[in-house]
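Student: Have a look; sequence and predicted model below, questions after that.
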Amino acid sequence: MISFAELGGSNYLGIYGAASDSFAIVPKRTPPHVVQKVSQVLGVEVIEATIAGTNLIGSLVVINSHGAVISNYATEEEEKVLSSSINVTEIADRFNAVGNNIVANDHGAIVNPDMSNRALKQISEALNVEAVKGTIGGLKTVGSACVANNKGALCHPEITDEELEVVEDVLKVKAMIGTANYGVPLVGACLLVNSNGCLTGNSTTPIEMGRMEDALGL
């Protein structure tokens, strides 16, 4: 299922929310009808939270069915909210906007090549997957340039053949290119996705939604 929504008053749902096949996270004080829609479309429990005192959940968190990686700017109280649902690991790296710098599913993770090897190991252990460094469309902020579930991946239109091969090999899914929000190539910043559904901004076109459906197996 694919549906329209806003988070934080924005079409960039991937910046304000995070999702896995187990649960989703949205900002505190998200309107109840939006929380209900997220739950219905993605088919999971929804947690309302902040990270580092902000609503930028998707930029500061990466989750899959095995664990969560969060910015070390998160408070102890914020970590406790998430740890009631899943094991949480804080990453102390200068690239600590982990949601922008990691794309992951239950099979693998691709990480900003400038992140430290120590962080790479932590990410692999926290998410219980193989984690490798790479770029997408020449961009190091791979979490913004790609979105994946356990059925497929949607990538920045300028991804190279070599990068596409890495995405498919590491995440163990078929990958396609596409855009969202009327031509925005940073699909990871635009979409809230798991294996059950996809939420996209109101400006997304029918052609873009069709591409999402094909790419993500929805």
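Tutor: Right, received. Where do you want to start?

Student: can you list the residues that contact stretch 145-152?
Tutor: With contact meaning C-beta atoms under 8 Å, 6 or more residues apart in numbering, stretch 145-152 is reached by 14, 21, 103-107, 110, 136-137, 139, 153-156, 159, 167, 171, 173-176, 185-188, 190-191, 193-195, 214-218. Every residue, glycine included, has its C-beta placed from N, CA and C.

Student: got the buried residues for that stretch?
Tutor: 145-152 (16 or more other C-beta atoms under 10 Å).

Student: List just the nearest of the residues you listed to Ala74.
Tutor: Nearest to Ala74 out of the buried residues of stretch 145-152 is Val147 (C-beta to C-beta; 22.2 Å).

Student: could you say what helices and strands the helix or strand of the chain with the lowest mean pLDDT packs with?
Tutor: Across the helices and strands of the chain, the lowest-confidence element by mean pLDDT, DSSP states H and E is helix 76-83, at a mean of 90. Secondary-structure packing of helix 76-83 (3 or more C-beta pairs under 8 Å, 6 or more residues apart in numbering; DSSP states H and E): strand 45-49, strand 68-71, strand 88-91.

Student: what's the distance between it and the middle of its chain?
Tutor: 19 Å (C-alpha atoms, centre = their mean, to the nearest Å).

Student: Outside of that helix itself, list whatever touches it.
Tutor: 25, 47, 49-52, 61, 68, 70, 88, 90.

Student: With stretch 90-101 instead?
Tutor: Contacts to stretch 90-101, defined as C-beta under 8 Å, 6+ apart, come from residues 14-15, 18, 56-62, 69-74, 79, 111-112, 114-116, 118-119, 122-123, 140-144, 188-189.

Student: which residues of the chain fall in helices?
Tutor: Applying DSSP state H to the chain gives helices spanning 13-16, 32-42, 57-60, 76-83, 98-101, 117-127, 142-145, 161-171, 187-190, 206-215.

Student: any idea how far the fifth one is from the chain center?
Tutor: Read that as helix 98-101. 8 Å.

Student: Repeat that for the first one.
Tutor: Using C-alpha atoms, centre = their mean, the mean C-alpha position of helix 13-16 is found 8 Å from that of the whole chain.

Student: Pick the one among the contacts of helix 76-83 closest to Gly201.
Tutor: Distances from Gly201 to those, taken by C-beta to C-beta, are shortest for Ile25, at 18.1 Å.

Student: Sort out for me which of the contacts of stretch 145-152 are in strands.
Tutor: Using DSSP state E, the subset of the contacts of stretch 145-152 located in strands is 103-104, 110, 153-155, 174-176, 193.

Student: State the mean pLDDT of stretch 153-165.
Tutor: For stretch 153-165, mean pLDDT rounds to 98.

Student: Nice, that's everything, thank you.
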